[in-house]
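Student: Quick one: sequence plus predicted model below, questions after.
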Amino acid sequence: MGAVTGPERPRRVLVVADDLTGANATAAGLARAGLRSVTVADAGHPELVAEFAGRFDAVVVSADNRHAEPADAARDVRRALRAGWPAAVVANRIDSTLRGNVGATTEAMLAELVDLTGGPVVALCVPAHPEAQRQTVGGVQLLGGRRLEETELADDPRSPMTRSEVAGLLAEQTDLPVRSVPLETVTGPLEDLTAALAAAAAAGTGIVVADALTLDHVERVAGAAAAVEGVIWLCVDPGPGTVAMARALGMGGGADAAPYLAVSGSATDLTRRQLARLCAARPVRVVRVALDADGHPDADATTAALHDALGSADPGDLVLVASSLEPGDLLGPEARTSVPSVLARATRRVLESERVDGLYLTGGDIAAACLAELAADGLDVADEVVPLAVAGSLVGGPWSGLPVVTKGGLIGDEDTAVACVAFLEQSARARRRHVPPARTRVP
């Protein structure tokens, strides 16, 4: 909802939609953006809305109010908003051809948001849905390049469309002041667009209507709105505008992701080639096992180096700690025997303060040492990435559920490490989408 003052609200999206089809489509868009999304088919169950709000990143409630009486539609959206509050993004999902109670529901949700937050609240109406051939130009809504009243919507039995001017349609249902942002401003310098939105809010505008021909235009409007300080935006759109606002605020798309950690204690030539291929295929932060004055692996120094690497890594980055990367850096026989315990201890220590999305363990003794050090009871095996390279997740212990791939030093070919890390990424995405079990609603 843009930059706002006051207590920070949960990074959650709450949408109240005018029908179930639109609710499902909006939830799908939010899911593609990386948010765990759910639709609630009946707005008459506020307790279900409240429950889902605590379990999902995005809750889209179908109020089924497109053809309801305006007063009833207004009551339903306010109730749904109260049930799902608080949220960082709130949206009134409207029909892409502006049928139904667009003005009445927008006014009601604005009023409810003012009651909940103290304001200031402004509705950001971006009715374009470019991928569905709905565009807004000069404040006029077009369907496939034609005005709404020039299409079959003019003969809609329940909501015949007789005009296409967005501000005019809103004025039929609400007295809220409306200001339009033309396409030349939307496509112009971003600072001018941000200034135009800020000026509209400062002038007491109730609804800002923005032109858009493309998804890029929609995203520009959302990004500019998110940059306006001190304003709470109510998204009013058929879906794309809400998704763009969530993205502009850094929600979804791996926002909750963490780096990956690869631990290699193998000294085989195959492992070194696999790690070289891995480093060539993607950016990798490499940490060498630190040695003490006697040439033995140093757990404290290795842990410190890992802390630095993981602490500065971005979500999705890969940090690799290895005992051998080149043929000439082999440790002596005595030092080599302590590698598994040192690497396992360093791994456990760093995971106590740094979060990772998955572990890739390569080397015959490394997997056993790490599972023991991490106090795991076992491995919930999911699959083989390649024969004898096993993928699963930790069972038991403080890191239960963490995705893991284990592989011996002589397993696979030169591309195996790349495949194992790719499998970890897939597992981590699935884990982030996991939703906690529902509480029963049976009396």
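Tutor: Ah, there it is. Numbering: from 1, shown residues only.
Student: just checking, Leu142 is part of a helix?
Tutor: No. Counting by DSSP: H, G, I helix; E, B strand; the rest coil, Leu142 is located in no helix; its state is strand.
Student: shouldn't Asp292 be in contact with Thr302?
Tutor: No. Judged on CB atoms under 8 Å, Asp292 makes no contact with Thr302 at a distance of 10.3 Å. To be clear about C-beta, it is placed using only N, CA and C from the backbone, and glycine gets the same treatment.
Student: Give me the more crowded residue out of these two.
Tutor: Set Asp292 next to Thr302 and count neighbours by other CB atoms under 10 Å: Thr302 wins out with 24 against 12.
Student: who touches that one in this structure?
Tutor: Counting by CB atoms under 8 Å, 6 or more residues apart in numbering, Thr302 makes contact with Val287, Val289, Ala290, Val321, Val342, Leu343, Ala346.
Student: For the residue lying closest to the second one once chain neighbours are set aside, list the residues it contacts.
Tutor: What that stands for is Val289. Closest residue to Val289 apart from its sequence neighbours, by CB to CB, 6 or more residues apart in numbering: Ser323 at 4.5 Å. If you count contacts by CB under 8 Å, 6+ apart, Ser323 has them with Ser264, Gly265, Ser266, Ala267, Arg288, Val289, Pro297, Leu331, Arg336, Val339, Leu343.
Student: Which of the helices and strands in this structure ranks last by mean pLDDT?
Tutor: When the helices and strands of the chain are scored by mean pLDDT, DSSP states H and E, helix 333-337 comes last with a mean of 79.
Student: Which is the succeeding secondary structure element to that one?
Tutor: Counting by DSSP states H and E, the element after helix 333-337 in chain order, helix or strand, is helix 339-351.
Student: follow-up on the earlier one: from the rest of the structure, what touches the least confident helix or strand of the chain?
Tutor: With CB under 8 Å, 6+ apart, helix 333-337 has contacts from Ala267, Leu291, Gly295, His296, Pro297, Ser323, Leu330.
Student: Average pLDDT for stretch 363-376, rounded please.
Tutor: For stretch 363-376, the mean pLDDT works out to 92.
Student: thinking again about what came up before, out of the contacts of Ser323, who's nearest Arg134?
Tutor: Comparing the contacts of Ser323 against Arg134 with CB to CB places Ser264 closest, at 52.5 Å.
Student: give me phi/psi at the closest one?
Tutor: phi -120, psi 120 (degrees, to the nearest 10).
Student: Just the pLDDT for it.
Tutor: In this prediction, Ser264 has a pLDDT value of 95.
Student: which non-adjacent residue is nearest it?
Tutor: Closest residue in space to Ser264, ignoring its immediate chain neighbours: Ala322 at 4.1 Å, by CB to CB, 6+ apart.
Student: Identify the bridge partners of the one you found.
Tutor: Ser264, Arg288 (DSSP bridges).
Student: could you say which helix or strand contains the residue nearest to the spatial centre of the chain?
Tutor: Against the mean C-alpha coordinate of the chain, by CA atoms, centre = their mean, the closest residue is Gly252 at 0.9 Å. According to DSSP H and E, Gly252 maps onto no helix or strand at all.
Student: ok, it to Glu219 distance?
Tutor: 13 Å (CB to CB, to the nearest Å).
Student: for the stretch 101-250 of the chain, what spans make up the strands?
Tutor: 121-125, 134-137, 140-143, 146-147, 178-181, 207-210, 232-237 (DSSP state E, counting those that start in this stretch).
Student: Strand partners (parallel or antiparallel) of the shortest one?
Tutor: Strand pairing for strand 146-147, determined by DSSP bridges: strand 140-143 (antiparallel).
Student: and for the strand it pairs with, what are the contacting residues?
Tutor: For strand 140-143, using CB under 8 Å, 6+ apart, the contacting residues are 97-98, 127, 133-136, 147-148, 151, 153, 164-166.
Student: before we move on, the earlier item: how about the contacts of helix 333-337 in JSON lines, adding distance to Glu352, pLDDT and secondary structure?
Tutor: Output for the contacts of helix 333-337, formatted as JSON lines (distance: CB to CB, whole Å; pLDDT from 0 to 100; DSSP: H, G, I helix; E, B strand; the rest coil):
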{"residue": "Ala267", "distance to Glu352": "28", "pLDDT": "85", "secondary structure": "coil"}
{"residue": "Leu291", "distance to Glu352": "23", "pLDDT": "90", "secondary structure": "strand"}
{"residue": "Gly295", "distance to Glu352": "28", "pLDDT": "83", "secondary structure": "coil"}
{"residue": "His296", "distance to Glu352": "23", "pLDDT": "88", "secondary structure": "coil"}
{"residue": "Pro297", "distance to Glu352": "19", "pLDDT": "91", "secondary structure": "strand"}
{"residue": "Ser323", "distance to Glu352": "22", "pLDDT": "91", "secondary structure": "coil"}
{"residue": "Leu330", "distance to Glu352": "30", "pLDDT": "66", "secondary structure": "coil"}
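Student: which residues sit against whatever helix or strand Ala74 lives in?
Tutor: Using DSSP H and E, Ala74 falls within helix 70-84. If you take CB under 8 Å, 6+ apart as the criterion, helix 70-84 is touched by 14, 16, 43, 46-47, 49-50, 52-53, 59, 61, 63, 65, 68, 90, 92, 100-101, 104-105, 107-109, 111-113, 116, 173.
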